[in-house]
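# Please work out how this folds:
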Amino acid sequence: MLFGIAAYGIWALFPFYFHAVAAVSPIEVVTQRIIWAFVLLCIVITVTRRWTAMSTHLADRRAVGLLAIAAVFVGANWSVYVYAIATDQALQASLGYFVNPLVVVGLGVLVLKERLRPAQWLAVAIAALAVVTLTVSYRSLPWVALLLAVSFATYGFIKKHVGYPAVESTAIETGVLTPFAVVALTLVTAHGQAVYTADGWSMSLLLIMAGPLTTIPLLLFSGAATRLPLSTLGLMQYITPIGLFIVGIACFHEPMNGLRWVGFLLTWLALVIFTVDAMRHRNPDRIDEQGAQLLPAE
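Modelled structure (predicted):
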């Protein structure tokens, strides 16, 4: 259980890291994260002697193709998340990860033609009302939250069908993104806009730390996932958005008017209904099909 708490707790504290590198453009932060995460994951695979398994995974072209698509969505998720923190929108990031389980249900209906139970319909309806309320409050769609929820849900949906271990699949995803990240970083550097090479060793070290900060909670989560039942992990996943919400309010002092409180309260009510219904109807035979949605992509 400590592995799970540590993983979700680190993800909840990510805003402090991205706030520390707020002077760096979101493009450079994301590219640095991709590159260093890929490097560290390759080291992990080497140390744990998993290259034979990795070569087997790479031989499946269909799975690798699906993971390449997943890479696009996780790249989008990371980019939007960094933008959210850089522009003081941690509360919207929190909302995105609160809403994510409901978006996963929506994907099941649209793609797999699954039928919702009455309680699930009620949860979706309340969540829709929450989005309308927050739209009125923000005077625009809470697009940061919606993009985070949709990109993360789609990413998890694809990974669920591939079924590869977290370390190997994430290594493939970051491997797909790394050439594009290198090109983008090279262009930023060529235009003299790269902080990594121009703003001293302390900022360079902070950007390199994006690799361990991506990989360590992933490994902790993998350890928790092999030891804990899905129901426990399902409840633990809310540690991250709750932490983001607290950080946004208490540390970054983001504004919360009455209407926004109503929107968040409606979201939480929808999640309570959804979680209670899921606990009542959980099926141990479907654990592997549902597990991917528990892995945040910040």
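# low pLDDT regions in the stretch 101-250 of the chain?
Of all residues in the stretch 101-250 of the chain, those with pLDDT under 70 make up the ranges 192-200, 222, 225-226, 228-231, 233-234.
# please redo it, this time with the cut-off set to 50
Within the stretch 101-250 of the chain, no range satisfies pLDDT under 50.
# So which residues of it form helices?
All helices of the stretch 101-250 of the chain, identified by DSSP state H, counting those that start in this stretch, fall at 118-138, 143-162, 166-190, 200-208, 210-225, 230-236, 239-246.
# Now render those as a markdown table, adding distance to V109 and mean neighbour count.
C-beta: built from backbone N, CA, C; applies to glycine. Listed next are the helices of the stretch 101-250 of the chain as a markdown table, based on distance: least, CB to CB, whole Å; neighbours: other CB atoms under 10 Å:
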| stretch | distance to V109 | mean neighbour count |
| --- | --- | --- |
| helix 118-138 | 9 | 18 |
| helix 143-162 | 12 | 22 |
| helix 166-190 | 25 | 19 |
| helix 200-208 | 41 | 14 |
| helix 210-225 | 26 | 20 |
| helix 230-236 | 19 | 17 |
| helix 239-246 | 23 | 21 |
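# Contact partners for G96?
Taking CB atoms under 8 Å, 6 or more residues apart in numbering, we find G96 in contact with 144-149, 152, 241.
# hmm, try it at 6 Å
Counting by CB atoms under 6 Å, 6 or more residues apart in numbering, G96 touches 145, 148-149.
# R33 now?
Applying CB under 6 Å, 6+ apart, the residues contacting R33 are 210, 214.
# before we move on, what about V176?
68, 71.
# quick revisit: and the helices of the stretch 101-250 of the chain: which comes nearest W261?
Of all these, helix 118-138 sits nearest to W261, with 9.0 Å by CB to CB.
# Kindly export the closest one (C-alpha atoms) in PDB.
Extracted in PDB, the C-alpha atoms of helix 118-138 (Å, rounded to 0.1, in the frame of the first residue of the first chain):
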ATOM      1  CA  PRO A 118     -28.900   3.500 -14.000                       C
ATOM      2  CA  ALA A 119     -26.400   4.700 -11.300                       C
ATOM      3  CA  GLN A 120     -23.800   5.300 -14.000                       C
ATOM      4  CA  TRP A 121     -26.200   7.300 -16.100                       C
ATOM      5  CA  LEU A 122     -26.900   9.400 -13.000                       C
ATOM      6  CA  ALA A 123     -23.200  10.000 -12.400                       C
ATOM      7  CA  VAL A 124     -22.700  11.000 -16.000                       C
ATOM      8  CA  ALA A 125     -25.700  13.400 -15.900                       C
ATOM      9  CA  ILE A 126     -24.400  15.100 -12.700                       C
ATOM     10  CA  ALA A 127     -20.900  15.400 -14.200                       C
ATOM     11  CA  ALA A 128     -22.400  17.000 -17.300                       C
ATOM     12  CA  LEU A 129     -24.200  19.500 -15.100                       C
ATOM     13  CA  ALA A 130     -20.900  20.100 -13.300                       C
ATOM     14  CA  VAL A 131     -19.200  21.000 -16.600                       C
ATOM     15  CA  VAL A 132     -22.100  23.400 -17.500                       C
ATOM     16  CA  THR A 133     -21.800  25.000 -14.100                       C
ATOM     17  CA  LEU A 134     -18.000  25.400 -14.400                       C
ATOM     18  CA  THR A 135     -18.400  26.800 -17.900                       C
ATOM     19  CA  VAL A 136     -20.600  29.500 -16.600                       C
ATOM     20  CA  SER A 137     -18.200  30.200 -13.800                       C
ATOM     21  CA  TYR A 138     -15.100  30.400 -16.000                       C
END
